[in-house]
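Colleague: The following comprises the amino acid sequence and a computationally predicted model.
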Amino acid sequence: MSGRRRPTRLLDVAEHAGVSAKTVSRVLNDEVYVSAETRERVLASVRELGYVGDAAAIGLRTRRSGFVGLIIPDVRNGFFGLLTRAIEERLTPASPALLLGDSDEDVDQEERYLRLFRQQRVDGLIVLPCGAPSLPDAVSEIPTVVLDRTVPSVRGIADHVLPANRRAAEVLVGHMVGHHRLERVALVAGDRSISNIGDRQNGYRRVVRAAGLRPHVTDGHTTPDEAAAGAYALFRTLEPPFGVFTTNNRMFWGALAAIESLGLTVPRDVVVTTIDSIGEATVTGLRPTQAVVPVATVASRTMQLLAERTLDPTLPPRRVSVDLDVEYGTTCGCVPLTGSPLMVGSMPTP
């Protein structure tokens, strides 16, 4: 076995190009006082030898790691995948690489990633938090943006980019109550302790209370199966027609499963609205009525705040609110169904 090859060093490039190590450094840093002929000879040696540099050495010199750390709650959730991609597309040349951590909504796992990113001296931190105890320490050490949701420990000390979840919920529930004249509107919700879910629940309750209606709630669910069980128990107590507002895509799919199990039809018997991008619902023939977080806008504002915080650490904490995009579809009846959907409950008798 020949073993692994030793990585090419800056000294190897200098020897190959017939110049000093300082000249190679000047070329790689795009400094002046290097002739065009020498610059091209050094770059040719870099290409031929496959030199990629030493990140640790560069970091010592520039005091930058070249990394931005991102902690998301669930890599399996399509929204967080879209958000990660949008942030990666907006990285700057100064910090061109993204380190990704999946907390899986677990405080201890989030704590491990925070410790790792602090050890790696990341240039910036973006976190969708679940409450790790060292998050305030990370905010004090690293330019940080808290995204999508927040926790009490950083509300007054960190920059935030937060979707206007309560306002979006009010629009969707208000649409069912005002436009569709429904007297019964149910809520199928996730964990209220997560701030964005709590905001969506608050929007539902405000509209229902203002309309003088009774709230019908099943909440605290984390999976579609849990949501389906809770929704089934709740929906069987309601007389159609009624409305359903779900707080995210998992709750949406759970609610649809309960509707199908009860032999009800969307939107004839049940009007359904949700917050989250439910692109997968196109396979059912449904176009959900939904409020969607504008991922590109959220990512752009996040990177803007991160850059400003990096340039001026003394800035006071900023809070940016981003309105959601509301799309009306077939699940509320505003857009007629075309063709035969694969799953909307029992089909009407011809």
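Modeller: Good, I have the coordinates.

Colleague: Alpha carbons only: can I get the helix or strand containing residue 15 in CSV?
Modeller: Per DSSP states H and E: residue 15 is located in helix 10-17. C-alpha atoms of helix 10-17 as CSV (Å, rounded to 0.1, in the frame of the first residue of the first chain):
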residue,chain,number,x,y,z
LEU,A,10,2.6,26.5,0.3
LEU,A,11,6.3,25.8,0.4
ASP,A,12,5.8,23.1,-2.3
VAL,A,13,4.1,25.7,-4.5
ALA,A,14,6.9,28.2,-4.0
GLU,A,15,9.6,25.6,-4.9
HIS,A,16,7.6,24.4,-7.9
ALA,A,17,7.2,28.0,-9.2
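
Colleague: Show me which positions of that helix end up buried.
Modeller: 10, 12-14, 16-17 (16 or more other C-beta atoms under 10 Å). (C-beta placed from N, C-alpha, C; glycine too.)

Colleague: Domain parsing of this structure, as residue ranges.
Modeller: Split into domains by automatic domain parsing, the chain comes to 10-53, 65-163+295-322, 165-293.

Colleague: Any chance you could list what contacts the helix holding residue 15?
Modeller: By C-beta atoms under 8 Å, 6 or more residues apart in numbering, the residues outside helix 10-17 that reach it are 20-21, 23-25, 28, 38, 41-42, 44-46, 48-49, 51, 53-54.

Colleague: can we see that at 10 Å?
Modeller: If you take C-beta atoms under 10 Å, 6 or more residues apart in numbering as the criterion, helix 10-17 is touched by 6, 8-9, 19-25, 27-28, 38-46, 48-49, 51, 53-54, 57.

Colleague: now the buried residues of helix 10-17 as CSV including distance to residue 299?
Modeller: What follows is the buried residues of helix 10-17, written out as CSV (distance: C-beta to C-beta, whole Å):
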residue, distance to residue 299
10, 36
12, 40
13, 37
14, 41
16, 42
17, 41
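
Colleague: residues contacting the nearest residue to residue 303 once chain neighbours are set aside?
Modeller: Nearest residue to residue 303 in three dimensions, chain neighbours excluded: residue 90, at 4.5 Å (C-beta to C-beta, 6 or more residues apart in numbering). Counting by C-beta under 10 Å, 6+ apart, residue 90 touches 68, 296, 299-300, 302-304, 306-307.

Colleague: Which residue lies nearest the spatial centre of the protein?
Modeller: In the chain, the centroid-proximal residue (C-alpha atoms, centre = their mean) is residue 80; its distance is 3.7 Å.

Colleague: quick one: contacts for that one?
Modeller: 70, 72-74, 100, 102, 128, 148, 295.

Colleague: Let me see the ranges of the strands in the stretch 151-300 of the chain.
Modeller: Ranges of strands in the stretch 151-300 of the chain, per DSSP state E, counting those that start in this stretch, are 159-163, 185-188, 216-218, 242-246, 270-275, 289-292.

Colleague: Residue 117 is nearest to which of the ones you listed?
Modeller: Residue 117 lies closest, by C-beta to C-beta, to one member of the strands of the stretch 151-300 of the chain: strand 159-163, at 16.6 Å.

Colleague: For the closest one, name the packing helices and strands.
Modeller: strand 144-147, helix 195-210, helix 295-311, strand 319-322 (3 or more C-beta pairs under 10 Å, 6 or more residues apart in numbering; DSSP states H and E).
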